[in-house]
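Trainee: Okay, predicted coordinates and the sequence, questions at the end:
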Amino acid sequence: MSVKPGLFISLDGVDGAGKSTHLEWLITQIQAQGIEVVATREPGGTPLGEQLRELLLHQAMEVKTEALLMFAARNEHLSQVIEPALAEGKWVVCDRFSDASFAYQGGGRQLGVEAMATLENWVHPHRQPDRTWLFDVPLAVAQERLQHAREPDRFEQEAQAFFQRTREAYLLRAQLHPQRIHVIDGHRSIDAIRHELSQGLNQLFKRYHEPL
């Protein structure tokens, strides 16, 4: 008897947009439906990926090296975690995926869409999240939140112009993929955001439970 493939969900947005506030809640909502969930993150998700994460967040490097390492970690992540879980019928909830590379490396680092698309098509030409929730807030709000967070990594220490380019790249990506990427106004109350997420989850549950 064949197993129905699971669904792949990603949460994305600039640092301080608020996605982490809703990650665990989202997972519990899916689990409440009797669905097994694999929670993971990028960069990271595998032993090698976590080592690369440490380098990416704390070690200075050339921007092309940064982009290549992001996709190297992603390739390992897909092969070792994401694809096997989906094939087993589990849902995968990932804190960031390739949209982050288009935003941070393509936009923030100014490597451009074409370079990111080349890497994306090489590493995962046939795999995208079934749903991406892109959390968006004004940059002033995001930066205010980051001031109260942990010791900032090298991305979080970037200048405002970097985050402006990153945010613009995220929103452009959402415009290009409106069926997959749903923009969440992260400046609203937690209850309002979770109400919107619940509506989206209900759509995914209905889709998942439809007969093959």
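Mentor: Looks like it arrived, so ask away.

Trainee: Okay, buried residues for stretch 141-156 please.
Mentor: Within stretch 141-156, the residues that qualify as buried are A142, Q143, R145, L146, F155, E156, counting by 16 or more other C-beta atoms under 10 Å. All C-beta spots, glycine's among them, are computed from the backbone N, C-alpha and C.

Trainee: end-to-end on that stretch?
Mentor: End-to-end distance of stretch 141-156 (C-alpha to C-alpha, to the nearest Å): 14 Å.

Trainee: pLDDT averaged over that stretch - what is it?
Mentor: When pLDDT is averaged over stretch 141-156, the result is 76.

Trainee: Work out the gap between that stretch and the centre of the chain.
Mentor: Stretch 141-156 has its average C-alpha position 18 Å from the chain's average C-alpha position, going by C-alpha atoms, centre = their mean, to the nearest Å.

Trainee: which residues touch it?
Mentor: For stretch 141-156, contacts defined as C-beta atoms under 8 Å, 6 or more residues apart in numbering pick out 14-18, 57-60, 104, 160, 163, 186-187.

Trainee: can you rerun that using 10 Å?
Mentor: Stretch 141-156 is contacted from outside by 13-18, 20-21, 53-54, 56-61, 66, 104, 108-109, 135-138, 157-158, 160, 162-163, 166-167, 186-187, using C-beta atoms under 10 Å, 6 or more residues apart in numbering.

Trainee: I'd like to know which elements the helix or strand containing L48 is packed against.
Mentor: Applying DSSP states H and E as the criterion places L48 in helix 47-58. In terms of contacts (3 or more C-beta pairs under 10 Å, 6 or more residues apart in numbering; DSSP states H and E), helix 47-58 is packed against strand 37-41, helix 63-77.

Trainee: for the helix or strand Q143 falls within, the distance to its chain's centre please.
Mentor: Here Q143 sits within helix 139-146, counting by DSSP H and E. Average the C-alpha atoms of helix 139-146, do the same for its chain, and the two points are 19 Å apart (C-alpha atoms, centre = their mean).

Trainee: what's the closest of the helices and strands packed on helix 47-58 to H209?
Mentor: Proximity to H209 (C-beta to C-beta) singles out strand 37-41 among the helices and strands packed on helix 47-58, at 15.8 Å.

Trainee: Now the closest one: average pLDDT?
Mentor: 98.

Trainee: immediately after the helix holding Q143, which helix or strand?
Mentor: helix 160-176.
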